[in-house]
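can you look at this prediction? I've put the sequence above it.
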Amino acid sequence: MIHVLLFVVAISLDSFFVALAYGNKVIRIPWACSIVIALIETFILALAILFANVIQGCIPVSIGNWLGCILFLLIGCLTIGKQVIKSLLQKYRDQTVKIAYRGVMLAIDVYVDETKADLDGSKYLSMKESIVLALTLSLDACVSGIAFGLYHVSMASVISLQFIISFLMLTLGFAIGLKMNMKHHDSLSWISGCIFIILGLSRLK
């Protein structure tokens, strides 16, 4: 159970840090939008675990454990280096490279600065904007869900815990962000990365 809790906390910390940023900039996240974001993240995580279950049935358990370990180590390293990735994407975005699909640029903008999901600058996250934000936040859940799903886990416990903790992280993060000015919260993303690496190494046998 401790592995499930660590896993869910790791993928939900992004929601916490994003909510901090929204609180700092006083961009309201209605409860309904927080529920939608948590639901979308949970749904994508469930799909990832189901996909992992399919893979699991086609390969030996030992290979599944090693594959899950490698994925977790990769996610962990990328998460720790998230600030570098965001800086590179910002530089790429600032060069005003023309891309045919506006949605691609929107995804890059929101990934680099999640508060840009407030597309109309209303300081109030709409339902449509919350969906855009949720899909961006779900990137880690998608890959890490596959990694965790390779470990023969109880999907019901993971999914239920994910929804609850994700919603709580959004609510708590926004409340703290309103009270405290934490401009460099992104630099704390290494915490999630370290948890992912620990989860990966813990499966080595």
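Yep, that arrived.

for this protein, spot the helix or strand the model is least confident about on average.
helix 102-112 (a mean of 48; mean pLDDT, DSSP states H and E).

after that one, next one along is what?
With elements assigned by DSSP states H and E, the helix or strand that comes after helix 102-112 is helix 127-149.

low pLDDT regions in this structure?
Scanning the chain for pLDDT under 70 picks out the ranges 82-121, 182-188, 204-205.

now the helices: where do they sit in it?
Along the chain, the stretches classed as helices by DSSP state H are 2-24, 31-56, 61-80, 82-94, 102-112, 127-149, 155-179, 190-201.

for burial, what's the neighbour tally of residue 61?
A count of nearby residues for residue 61, using other Cβ atoms under 10 Å, gives 11. From N, CA and C alone the C-beta is placed, and that goes for glycine too.

ok, residue 1 next?
8.

ok, how many other residues are close to the residue lying closest to it once chain neighbours are set aside?
What sits nearest to residue 1 in space, not counting adjacent residues and going by Cβ to Cβ, 6 or more residues apart in numbering, is residue 157, at 7.5 Å. Per other Cβ under 10 Å, the neighbour tally for residue 157 reads 13.

just residue 78 next, same as before
Residue 78 has 16 nearby residues by other Cβ under 10 Å.

right, and residue 181 touches residue 24 too?
Yes - the pair residue 181 / residue 24 is scored as a contact, 5.9 Å apart, by Cβ atoms under 8 Å.

neighbour count: these two, which is higher?
Of the pair residue 181 and residue 24, residue 24 is the one with more neighbours under other Cβ under 10 Å, namely 19 against 10.

chain neighbours aside, what residue packs nearest to that one?
Closest to residue 24 by Cβ to Cβ, 6+ apart is residue 177, at 4.8 Å.

residues in contact with that neighbour?
19, 20, 21, 22, 23, 24 (Cβ atoms under 8 Å, 6 or more residues apart in numbering).

ok, back up a step: ok, the residue nearest to residue 1 touching residue 3?
No - in this structure residue 157 lies outside contact range of residue 3 using Cβ under 8 Å: 10.6 Å.

contacting residues for the residue nearest to residue 11 when sequence neighbours are not counted?
Counting by Cβ to Cβ, 6+ apart, residue 11 lies nearest to residue 141, which is 4.9 Å off, once chain neighbours are set aside. Going by Cβ under 8 Å, 6+ apart, residue 141 touches 11, 41, 44, 45, 48, 162.

cool, thanks, talk later.
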